[in-house]
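Undergrad: got a sequence here, can you build the structure:
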Amino acid sequence: MTRLGVVMDPIDAIKSTKDSSFAMLLAAQGRGWSLRYMEPADLYLSDGRTFARQRPLAVRDDPTDSFTLGEPEEGPLAALDVVLMRQDPPFDTEYLYTTHLLSLAEDEGCLLVNRPRALREANEKLATAWFPQCCAPSLVSRDQDRLRTFLAAQGDIILKPLDAMGGASIFRVRETDPNTNVIIETLTDHGRRLTMAQRFIPEIRDGDKRILLIDGEPAPYALARVPAEGENRGNLAAGGRGVGIALSERDRWICAQVAPRLRKMGLLFVGLDVIGNYLTEVNVTSPTCIRELDALYGLDIASDLMDVIAARLADKVLA
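TA: Numbers count the residues shown, from 1 in each chain. As a prediction, this is how the structure comes out:
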């Protein structure tokens, strides 16, 4: 029997009807795979090997009674066949250390989704720099004068930190905004923190599209997260409204541009954020929107991911 572990934030705090990690667990259990639940604090290193406090997990597609946890068991992480790394950002030093512990288990033969090394290399904002042909004008800098010069050139920009999620600390700034200096000072911590600036894309009014890729192949539909009235952020966590749309020809072109590199890095499950014609983020830590797209279009995206994982495990056995 395939043994699947998941490293995630507390399961009792998620909304099972909206949570992509939960969709993955349902799909894995549906195949008869056994599940083991872990939080980041359960991982530890002993004599060069990564161990974890693991709890057997059973899941149910019932929002009033969605899971049962068994008694904790201690054991090496590499005793599992596959581990889903689904901890949400911020990608801080503790997150980084966790990926190092996961890499040691990967070295022993455990399949990690997504690969820890790839998580370290693919910052969700900075990874767009690999695909400039897909992106609107952008700048990443600590230098406050340089950011102000970029604002003067573009006239209307978005400023955001490199390590947050859910629309946290994202600002739209126009050249005449009287709060420009304090926003830049705050985000850069007075020149000590890198900050991303992107030209404002007015098509955000039609939604920030989340496109899900499995081993580089996109789901046929995206979830356009349409901002609430008076908002510039489409994130569902910031009050955005999810609307399903078919992928456009431009969306598919963007997917084709990014897929080879993501495959090479071992990033099996990725969420691209696209506004209008432009790629704005490459989400690799804990991309979401599976359940919304499944409900809208009768898809089973998590099962598609499990198909890829099963094939990888089979390849390992043959090797």
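Undergrad: what lies in contact with the helix or strand Leu139 falls within?
TA: Secondary-structure assignment from DSSP states H and E places Leu139 in strand 138-141. Taking C-beta atoms under 8 Å, 6 or more residues apart in numbering as the criterion, the residues outside strand 138-141 that touch it are 125-126, 128-129, 146-147, 150, 162, 194-199. Where you see a C-beta, it was placed from the backbone N, CA and C, and this is true even at glycine.
Undergrad: tell me the helices and strands packed up against the helix or strand following that strand.
TA: Under the assignment DSSP H and E, the closest C-terminal helix or strand after strand 138-141 is helix 144-154. Applying 3 or more C-beta pairs under 8 Å, 6 or more residues apart in numbering; DSSP states H and E, one finds that helix 144-154 makes contact with strand 138-141, strand 156-161, helix 180-188, strand 195-199.
Undergrad: just to revisit the earlier point, so what are the sheet partners of the strand holding Leu139 and their directions?
TA: The partner list of strand 138-141 in its sheet, established with DSSP bridges, is strand 195-199 (antiparallel).
Undergrad: could you export the strand holding Leu139 as CSV, CA atoms only?
TA: Taking C-alpha atoms only, strand 138-141 is exported to CSV below (Å, rounded to 0.1, in the frame of the first residue of the first chain):
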residue,chain,number,x,y,z
SER,A,138,8.7,45.0,-13.2
LEU,A,139,11.4,45.9,-10.8
VAL,A,140,12.8,44.3,-7.6
SER,A,141,14.9,46.5,-5.4
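Undergrad: now do that strand: distance to the chain's middle.
TA: Strand 138-141 has its average C-alpha position 21 Å from the chain's average C-alpha position, going by C-alpha atoms, centre = their mean, to the nearest Å.
Undergrad: list the buried ones in it?
TA: In terms of neighbour count (16 or more other C-beta atoms under 10 Å), strand 138-141 has its buried residues at Ser138, Leu139, Val140, Ser141.
Undergrad: need those in CSV with distance to Leu104 and pLDDT, can you?
TA: CSV is the format used below for the buried residues of strand 138-141 (distance: C-beta to C-beta, whole Å; pLDDT from 0 to 100):
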residue, distance to Leu104, pLDDT
Ser138, 35, 98
Leu139, 37, 98
Val140, 31, 98
Ser141, 35, 98
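Undergrad: mind picking the lowest-pLDDT entry from the contacts of strand 138-141?
TA: For these, the minimum pLDDT belongs to Leu162; the value there is 90.
Undergrad: Val83 belongs to a strand?
TA: Yes - following the definition DSSP: H, G, I helix; E, B strand; the rest coil, Val83 is counted among the residues of a strand.
Undergrad: show me this structure divided up by domain.
TA: According to automatic domain parsing, the chain comprises the domains 3-120+306-318, 137-200, 203-283.
Undergrad: just the helices in this protein please.
TA: In the chain, the helices defined using DSSP state H lie at 20-30, 93-107, 116-121, 144-154, 180-188, 249-265, 290-297, 301-318.
Undergrad: need the winner for burial among the helices and strands packed on helix 144-154.
TA: A comparison of the helices and strands packed on helix 144-154 by mean neighbour count, using mean count of other C-beta atoms under 10 Å, puts strand 195-199 on top with a mean of 23.
Undergrad: and Val282, how close does it get to Ala127?
TA: Using C-beta to C-beta, to the nearest Å, one obtains 4 Å as the distance from Val282 to Ala127.
Undergrad: ok, these two, which is more surrounded?
TA: Neighbour comparison, Val282 and Ala127: the larger count goes to Val282, with 26 against 23 (by other C-beta atoms under 10 Å).
Undergrad: now that one: how far from Ile211?
TA: 10 Å.
Undergrad: and for these two, which residues touch both?
TA: Between them, Val282 and Ile211 share these contacting residues under C-beta under 8 Å, 6+ apart: Leu272, Asp273.
Undergrad: so Asp273 bridges to which residues?
TA: On the basis of DSSP bridges, Asp273 is bridged to Arg210, Glu281.
Undergrad: and the pLDDT for it?
TA: Predicted confidence (pLDDT) at Asp273: the value is 97.
Undergrad: so it sits right up against Val284, yeah?
TA: No - assessed by C-beta atoms under 8 Å, Asp273 is found out of contact with Val284, at 11.7 Å.
Undergrad: residues contacting the closest residue to Thr285 other than its chain neighbours?
TA: Closest residue to Thr285 in three dimensions, ignoring its sequence neighbours and counting by C-beta to C-beta, 6 or more residues apart in numbering: Pro89, at 5.5 Å. Taking C-beta under 8 Å, 6+ apart as the contact definition, Pro89 lies against Tyr95, Glu124, Asp163, Ala164, Met165, Thr285, Ser286.
Undergrad: again, only this time at 10 Å
TA: Pro89 makes contacts with Tyr95, Asn123, Glu124, Leu162, Asp163, Ala164, Met165, Gly166, Ala168, Asn283, Thr285, Ser286, as judged by C-beta atoms under 10 Å, 6 or more residues apart in numbering.
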